[in-house]
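Asks: Generate a structure from the sequence data that follows.
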Amino acid sequence: DTDFTVKISDVYPTGEVRILQDNAVRMRWRENTLTPVYMTKGEVYKVEMNLWNTSYVVAPGHALRVSVSSSNFPRFSVNPNNGIVIADTAYPGANITAINTLQQSAQYPSKVTLPVIAHKSLQMPEVHVLKEAELAYPHLTEEYVRKHVATIDGIAKRKY
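Replies: Prediction:
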């Protein structure tokens, strides 16, 4: 048993990355059944994943990144890859490290389908996130934030 995860991200020219959409599939549930359907070692499986509908304008100089992985914790729960379901008293059980291969061949092609809408007259609006936040929350001035930074930092580092 293993997971496959996919993320699509906006890569800024500065190197910053913002996740736009992501999803995961736990392979034992790939057939959408009420009971797990386990994989057989050495077999190749087709995995389809929907990242749901979204609309996003890629700014000039930015790039889209598609990442495929077997983990996306803490967004999705850790998979010990041993096939034990959560309802089993033995869960989580021993961890088994999965070795996964993403196939890219004529026999097992891989693809990403990404609809693109081109519009020559599309003008990108100029957006400044901090200015937008100031307009939306006028009481959150720089002075206010500096005065309360220790409290905000303490809340952010709180352990649950």
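Asks: tell me, what residue is most central in this protein?
Replies: Central residue of the chain (CA atoms, centre = their mean): Asp22, 3.3 Å from the mean position.
Asks: Point me to the helix or strand that includes it.
Replies: Assigned by DSSP states H and E, Asp22 falls within strand 17-26.
Asks: mind listing the strands in the protein by residue range?
Replies: 3-11, 17-26, 63-69 (DSSP state E).
Asks: so can I have a markdown table of these showing mean pLDDT and distance to Ala87?
Replies: (Each C-beta comes from the backbone N, C-alpha and C, glycine too.) A markdown table is the format used below for the strands of the chain (pLDDT from 0 to 100; distance: least, CB to CB, whole Å):
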| stretch | mean pLDDT | distance to Ala87 |
| --- | --- | --- |
| strand 3-11 | 94 | 18 |
| strand 17-26 | 93 | 14 |
| strand 63-69 | 94 | 26 |
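Asks: To Glu43, which of those lies closest?
Replies: strand 3-11 (14.6 Å; CB to CB).
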